[in-house]
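Participant: Got a predicted structure plus its sequence, pasted below:
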Amino acid sequence: MNILLIGDFSGFGRNLKAGLQELGHELTIAVSSVGWKKFQYDLKLSPKKRNVLTDRIHPYSLLDKLCGYDIVLLIDPLVFYKNYFPRKDFYKRIFKNNGASFLIGATMDPFFWRHSNEYMRYTPYNDMLKHDWNPFLQFKLSDKAYDFNRFVAESVDGIIPVMYDYEGSYKMLFPDKTKTIPLPFHVGNSNNITQTINDKLTFFHGISRFGFKGSEYIEKAFHHIQMKYSDKVELICSRKLPFNEYIEILNKSNVVIDQTNSYSYGMNALYSLNSGKTVMSGAENEALDSLNSSGCPIINIIPNVDQIISEMEAIIENPKLLNKNSERSRMYLKNYHDSVIIADRYINYFKTKLS
């Protein structure tokens, strides 16, 4: 199959592409912007000079490049996100001129914002309003964006959430159209990764979206741990690193603390598992049940400073567990997120909609 993915904000595309290629399929990754993470892509959709006029007109000049595929995947219903664009007729042309279209539930779309508190005990909502407010977030919270999200969900042939957090709102509104498939990761051939434990354990938190990730709680926990265990730990908080630099620091760390406001873990956690790291992130029972997974090595943390401190102290007081966690991390990644296994699940799901 010849597949087009529009949008990639986390490395999802490059990992899915690796699995699809091994199965004899091709994936073209088209992005509206590169951003500071600088992920690899095949086609850039944004104009060289961005303003209201070019953002309105430029997407139409790309239609020939966005049509003629067996499958088109939208990573977000608002890939072309300016509030004066998207246009429904533009998306209708994409849906009409490709074999089948699917919406990937992998980001904070308007459905998530509107409904997540109906099935989750805690969400990133309040912390994002406090720390991450911007015009894009303001637009996503609008009725206009919600209505457009509904239009896209109604128009596509299927909806594929990557985790429980995004599954809930789509299953609530489109239960017969929604099928959850876990995040893909290109595991590669590295084996027997073990922890290098020096005089101090290194804890790493990469700050990207401060409110969404719950970085406020993690920073407060770090402050407490630094005061109590300064002779035993090194604590690293880094902001908005390009992907390659992020991986360099990750590889030198023992424990990666990803996020607190999510029920599920994301791509950052998978990169950490691949390096054999102990990971602290979202791993609520509901999320693991959604993936039909067992034996998850990720330590579940919530937006509560005392709970994060408690989990960090358990590691500091028993560092020998880190090597055991390394083996479990890689095994879990291979069993539940290997890109070939995930790509095969995508292909099988596509076939049900093409037949």
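Facilitator: All right, it came through fine.
Participant: Could you write out the alpha-carbon coordinates of the helix or strand bottoming out on mean pLDDT in the chain in CSV?
Facilitator: Taking mean pLDDT, DSSP states H and E as the measure, the helix or strand of the chain with the lowest value is helix 52-61, at a mean of 77. Once non-C-alpha atoms are left out, helix 52-61 reads as follows in CSV (Å, rounded to 0.1, in the frame of the first residue of the first chain):
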residue,chain,number,x,y,z
VAL,A,52,-2.7,35.1,6.7
LEU,A,53,-2.8,35.1,2.9
THR,A,54,-0.3,32.4,2.2
ASP,A,55,-1.7,30.1,5.0
ARG,A,56,-5.1,30.4,3.2
ILE,A,57,-3.9,29.7,-0.3
HIS,A,58,-0.9,27.5,0.0
PRO,A,59,-2.6,24.2,1.1
TYR,A,60,-4.7,24.2,-2.1
SER,A,61,-1.5,24.3,-4.2
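Participant: Residues touching the next helix or strand after it, excluding its own?
Facilitator: Beyond helix 52-61 on the C-terminal side, the first helix or strand identified by DSSP states H and E is strand 71-74. Applying Cβ atoms under 8 Å, 6 or more residues apart in numbering, the set of residues contacting strand 71-74 from outside is 1-7, 66, 94-95, 98-104, 152, 156, 160, 350. C-beta coordinates here come from the backbone N, C-alpha and C atoms, glycine included.
Participant: partners of strand 71-74, with directions?
Facilitator: Applying DSSP bridges, strand 71-74 is found paired with strand 2-6 (parallel), strand 100-105 (parallel).
Participant: Please identify the most buried of those.
Facilitator: For these, the largest average neighbour count (mean count of other Cβ atoms under 10 Å) is found in strand 100-105, namely a mean of 24.
Participant: List the contacts of the next helix or strand after that one.
Facilitator: Per DSSP H and E, strand 100-105 leads on to helix 110-115 as the next helix or strand towards the C-terminus. The contact list for helix 110-115 (Cβ under 8 Å, 6+ apart) reads 77-78, 105, 125, 140-142, 145-146, 148-150, 153, 165-166, 168-170, 172-173.
Participant: Now, the residues you listed that are in strands?
Facilitator: Judged by DSSP state E, strands contain the following of these: residue 105.
Participant: For residue 317, grab the count of nearby residues.
Facilitator: Burial of residue 317 is recorded as 10 neighbouring residues (other Cβ atoms under 10 Å).
Participant: from now on call the first residue 39
Facilitator: That works, and once the first residue is 39, the last one we named lands at residue 355.
Participant: how about the helices in the stretch 139-288 of the chain?
Facilitator: For the stretch 139-288 of the chain, the helices defined by DSSP state H, counting those that start in this stretch cover 148-153, 163-169, 173-178, 181-193, 202-211, 248-251, 253-266, 281-290.
Participant: For those, give me CSV that also has mean pLDDT.
Facilitator: Formatted as CSV, the helices of the stretch 139-288 of the chain follow (pLDDT from 0 to 100):
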stretch, mean pLDDT
helix 148-153, 95
helix 163-169, 94
helix 173-178, 85
helix 181-193, 94
helix 202-211, 96
helix 248-251, 93
helix 253-266, 97
helix 281-290, 89
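Participant: I'd like to know which of the ones you listed lies nearest to residue 326.
Facilitator: helix 202-211 (8.3 Å; Cβ to Cβ).
Participant: on that earlier part again, could the strands paired with strand 109-112 go into CSV alongside mean pLDDT and distance to residue 306?
Facilitator: Conversion of the strands paired with strand 109-112 to CSV gives the following (pLDDT from 0 to 100; distance: least, Cβ to Cβ, whole Å):
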stretch, mean pLDDT, distance to residue 306
strand 40-44, 95, 19
strand 138-143, 96, 17
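Participant: Would you mind listing which of the contacts of helix 148-153 are buried?
Facilitator: By neighbour count, with 16 or more other Cβ atoms under 10 Å, these hold 115-116, 143, 163, 178-179, 183-184, 186-187, 191, 203-204, 206-208, 211 as buried.
Participant: Most remote residue from the middle of the chain, which is it?
Facilitator: residue 269 (34.5 Å; Cα atoms, centre = their mean).
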